[in-house]
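Participant: Sequence first, then the predicted structure, then my questions.
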Amino acid sequence: MLKKILRSRPVLRGAGKAMAVYLTLVRRTNRFTVEPADAEASIYPLVPAIIAMWHGQHFMAAFIKRPQDEVAAMISRHGDGEINAIAVEALGMRTVRGSGAQRQDQVRKRGGAQALRAAMTMLEDGVSVAMTADVPKVSRVAGRGIITLGQLSGRPIIPVAVVTSRRKDFDSWDRTSIGLPYGRGAIVFGAPISIGRDAAPEEIEAARLAVQEGLDAAHARAYAIVGDVDPGAGRASVAEARAQAAAAAAGAQADGLN
C-alpha cells in the first residue's frame, strides 16, 4: 500500500516539483566558472547539439541551458525517471522518455528505439538533446546509443560536466553527485565530436572513445576548478568494463573484415 502511494502521480509530481525548486536554489547560490570562456561563441552556435553526460552527474545538466535555448532531456521510464522528468519540465526543458541497455531485449523493454526516433525528431526541429552516454549499471563506459544518434542526425556530440564545490556524493553504482547551495561551481564543455553517416566501424569506435575521453577530461577539469577530485574516476569496475567494451568492439571489427 505504501509503495503504491509513493508511486502515485500526486506524490511523484510533488517530488519532481520540489527537485526543480531545489536545483534552482543550487544554480542561483553557486558562483559558476564556465570553460571554455568563449563558450557563447564556440559552443552555443553549434546547437542543436547532443549534450553528453555521465550517469550520476546529470542532475544539474539543466544549468547549461540559456533562456533562449530549446533542450530536451532523455530520461528513463522507471519511477525515479518520472520524478526527474517532472523536475526537468518544471525547469523549462522538454523530455524524451526511454533509455539504452547492454542487451538488445533490454533496449526494447526500456524504449530505447522509440527514444532514439523521438530524439532525431527533436534535433531536426532545432531542439538540443541532453542524454547520458553510459547505459544503466555500466558506469562511465560510453555506449553505442549516443554515437548512433550523432551518426544518424549529423549533429555534434558535446561532452559536458557540471559540478559544485559543495555537494553530496553517493556510494551508488554511478557515484551520483548532487550539488548543494552556497558554493562555487564549474560548467565545462569538451570538444565537439562528429560522426559521418557512412562512418566505418573503426571510425564509430574512435568516436565512442572520443566521447568517453571527452567526458573524463571535462569532469577532471570541472572538479579541478572547484578544488577537488572526481569521486567517480579511477574505479576498478570502470576500467574492467571499458576493457570489455574495447575488446567487444575489436572483435566486431575483426569479424567485419573476415
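Facilitator: Happy to help now that I have it. Numbering: from 1, shown residues only.
Participant: Which parts of the stretch 151-258 of the chain are helices?
Facilitator: 201-225, 236-257 (DSSP state H, counting those that start in this stretch).
Participant: which regions of this structure sit below the pLDDT cut-off?
Facilitator: For the chain, the stretches flagged by pLDDT under 70 are 1-9, 78-80, 99-111, 256-258.
Participant: which residues touch the closest residue to residue 87 other than its chain neighbours?
Facilitator: Closest residue to residue 87 apart from its sequence neighbours, by Cβ to Cβ, 6 or more residues apart in numbering: residue 19 at 3.9 Å. Heads up, the C-betas are built off the backbone N, CA and C, glycines and all. Neighbouring residues of residue 19 by Cβ atoms under 8 Å, 6 or more residues apart in numbering: 83, 84, 86, 87.
Participant: Adding distance to residue 181 and mean neighbour count, write the helices of the stretch 151-258 of the chain out as CSV.
Facilitator: CSV is the format used below for the helices of the stretch 151-258 of the chain (distance: least, Cβ to Cβ, whole Å; neighbours: other Cβ atoms under 10 Å):
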stretch, distance to residue 181, mean neighbour count
helix 201-225, 18, 20
helix 236-257, 30, 13
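Participant: will you turn the ones you listed into CSV that also has distance to residue 153?
Facilitator: What follows is the helices of the stretch 151-258 of the chain, written out as CSV (distance: least, Cβ to Cβ, whole Å):
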stretch, distance to residue 153
helix 201-225, 13
helix 236-257, 22
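Participant: which stretch among those comes nearest residue 135?
Facilitator: helix 236-257 (10.4 Å; Cβ to Cβ).
Participant: Which strands and helices lie in contact with that closest one?
Facilitator: helix 201-225 (3 or more Cβ pairs under 8 Å, 6 or more residues apart in numbering; DSSP states H and E).
Participant: ok and the helix it packs on relative to helix 236-257, angle-wise?
Facilitator: Angle, helix 201-225 to helix 236-257, by axes from the mean of the first three to the mean of the last three Cα atoms, to 10 degrees: 160 degrees.
Participant: what's the closest of the contacts of residue 19 to residue 96?
Facilitator: For the contacts of residue 19, the nearest to residue 96 is residue 84 (12.0 Å; Cβ to Cβ).
Participant: Check which helix or strand the closest one maps to.
Facilitator: Element membership for residue 84, per DSSP states H and E: helix 79-90.
Participant: Return that helix as PDB; C-alpha atoms alone will do.
Facilitator: C-alpha atoms of helix 79-90 as PDB (Å, rounded to 0.1, in the frame of the first residue of the first chain):
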ATOM      1  CA  GLY A  79       9.700   5.600 -11.300                       C
ATOM      2  CA  ASP A  80      12.700   7.700 -10.400                       C
ATOM      3  CA  GLY A  81      12.800   8.700 -14.000                       C
ATOM      4  CA  GLU A  82       9.300  10.100 -13.700                       C
ATOM      5  CA  ILE A  83      10.400  12.400 -10.900                       C
ATOM      6  CA  ASN A  84      13.300  13.500 -13.000                       C
ATOM      7  CA  ALA A  85      11.000  14.200 -15.900                       C
ATOM      8  CA  ILE A  86       8.700  16.300 -13.900                       C
ATOM      9  CA  ALA A  87      11.600  18.300 -12.500                       C
ATOM     10  CA  VAL A  88      13.200  18.800 -15.900                       C
ATOM     11  CA  GLU A  89       9.900  20.100 -17.400                       C
ATOM     12  CA  ALA A  90       9.500  22.400 -14.400                       C
END
